[in-house]
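S.K.: Next one to model:
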Amino acid sequence: METLIESCRAKQVETGKPCAISGIDIQHAEERLGQSLPASYKRWLASCETAKLYGNYILTVAPREYCEGADIDIATAHQTNLENGLTCEEHIALFEPDWNEWFYFDCSLQDANGEWPVFVKDLENGTCSKFADHFTDFMHKLLGRIASST
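M.R.: Numbering: from 1, shown residues only. Okay, the predicted model is just below:
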């Protein structure tokens, strides 16, 4: 995880501070989602809190006292997306950039290690495809996009 965080910082990706998200806050988010978050995502939260790519935040876990109004909280975003008919229970938004893609965990496809694959939905044509096998792979691929666009 440290290598991934260093890669982010080297590419001028804004990252949060280490150990800012407590285990209690993560547990609260999991209760709200009705799912245990994947280990790779929880390691990221404990190591880095969040990241901002191209001006858009990777969804995170907000402290319990602020989570209901936090638009970057993964459980709040999921509930809002469900209420607006934008997703289904098994698709949990991870990254909602302001371009024509939407990245989400598919928790119905959990692997033997408890990891969820990340899919990308093309908002122009509605197609979905697997983007990454797990959260760390997702971050490496996004960083690869940054590297190839600079």
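S.K.: secondary structure class for residue 139?
M.R.: What DSSP: H, G, I helix; E, B strand; the rest coil gives for residue 139 is helix.
S.K.: ok, for residue 123, nearest residue in space, not its chain neighbours?
M.R.: Take residue 123 and drop its neighbours on the chain: the residue closest to it by C-beta to C-beta, 6 or more residues apart in numbering is residue 100, 4.5 Å away. For glycine as for every other residue, the C-beta is placed from the backbone atoms N, C-alpha and C.
S.K.: burial of that neighbour, as a residue count?
M.R.: Neighbour count of residue 100, defined by other C-beta atoms under 10 Å: 10.
S.K.: ok so residue 44 is a strand residue?
M.R.: No. Counting by three-state DSSP, residue 44 is not part of a strand but helix.
S.K.: Leaving aside the residues adjacent along the chain, what's closest to it?
M.R.: Residue 44 sits nearest to residue 135 (C-beta to C-beta, 6+ apart), 6.1 Å away.
S.K.: what about the one you found, how many neighbours?
M.R.: Residue 135, neighbours per other C-beta under 10 Å, totals 25.
S.K.: Who are the contact partners of it?
M.R.: By C-beta atoms under 8 Å, 6 or more residues apart in numbering, the contact list for residue 135 reads 38, 40-41, 44, 94, 105, 115-116, 118.
S.K.: what's the lowest-pLDDT member of those residues?
M.R.: When these are compared by pLDDT, residue 44 scores lowest at 86.
S.K.: And it, how far from residue 82?
M.R.: 23 Å (C-beta to C-beta, to the nearest Å).
S.K.: In helices, which of the contacts of residue 135 fall?
M.R.: If you go by DSSP state H, the contacts of residue 135 have 40-41, 44 in helices.
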